[in-house]
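Novice: Need a 3D model of the sequence below.
(one chain, ligands or ions: 1)
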Amino acid sequence: MTKMLNGIEMEAIKAMLRFANLQRIESVAEAERCFENIKDFISSDEAMWRLLKLTVWQIAVCAWLASITESQRERRAVMTEVAPLVKKSVKTALVFKNEELGYECRFQSVHAVCAFAVALILSKRRRLASRLQRCICGRFNLDLHPKGRPKKYCSPKHKALADAMTLNERVRKSQLKHKMGKKS
Ligand SMILES: [Zn+2]
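Specialist: Residues are numbered from 1 along each chain as shown. Predicted structure coming up:
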């Protein structure tokens, strides 16, 4: 499946996920580090690297990702939102190099990289959307070198936490049922 992504596509997805998973952006430098491997392809506009702007973008990106993990209908809504953004803020050019026809990208901003990455995840042929999962801690996981089931949890610890919560919920529900049964 990774053959479905070229170098820049792979880096865009990785950068976007790192950015989304910062959860709370503490500094501009921290956000910049997420895009380090793809920085040469982003138009250098100093005004882009502002904490407030980055935070607003990050909230939008997290909302897209959350919707993708939600349902097919939500996914379509994200597609509608992302399509014009990709069209407007990502410029591509065909390149024929090393016996391979490919394309190069130029991103208007960090936001453009994220829109591009989300569009790739939603692109049917690449079959990534159903592999995007959200952990109990809120972080998004997308295994780009998948083996077997999609990775949902960041760590065994987070999985244990999720299991414990499910168990608690089940106990609570059965207690409730028991109580209701007694009343009637
Ligand atoms: Zn987690």
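
Novice: CA atoms for contacts and neighbours, from now on please.
Specialist: OK.

Novice: A66: neighbour count?
Specialist: Using other Cα atoms under 10 Å, the number of residues around A66 comes to 20.

Novice: Next, the contact list for it, please.
Specialist: R134 (Cα atoms under 8 Å, 6 or more residues apart in numbering).

Novice: Which is the succeeding secondary structure element to the strand or helix carrying it?
Specialist: A66 is part of helix 51-70, with elements assigned from DSSP states H and E. Toward the C-terminal end, the helix or strand that comes next after helix 51-70 (DSSP H and E) is helix 72-89.

Novice: contact partners of that next one?
Specialist: Looking at what lies outside helix 72-89 - Cα under 8 Å, 6+ apart - the contacts are 64, 67-68, 107-109, 112, 115-116, 118-119, 122.

Novice: Just the buried ones from these, in PyMOL syntax?
Specialist: Applied in PyMOL, the following selects the buried portion of the contacts of helix 72-89 according to 16 or more other Cα atoms under 10 Å:
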select buried, resi 64+67+68+107+108+109+112+115+116+118+119+122
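
Novice: Please narrow the contacts of helix 72-89 to those residing in helices.
Specialist: 64, 67-68, 112, 115-116, 118-119, 122 (DSSP state H).

Novice: Contacting the ion as well, which ones from those residues?
Specialist: Applying Cα under 5 Å from the ion to the ones in helices among the contacts of helix 72-89, one finds that nothing falls near the ion.

Novice: Can you lay out those as JSON lines showing pLDDT?
Specialist: Converted to JSON lines, the ones in helices among the contacts of helix 72-89 look like this (pLDDT from 0 to 100):
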{"residue": "W64", "pLDDT": "97"}
{"residue": "S67", "pLDDT": "97"}
{"residue": "I68", "pLDDT": "96"}
{"residue": "A112", "pLDDT": "96"}
{"residue": "A115", "pLDDT": "97"}
{"residue": "F116", "pLDDT": "97"}
{"residue": "V118", "pLDDT": "98"}
{"residue": "A119", "pLDDT": "97"}
{"residue": "L122", "pLDDT": "96"}
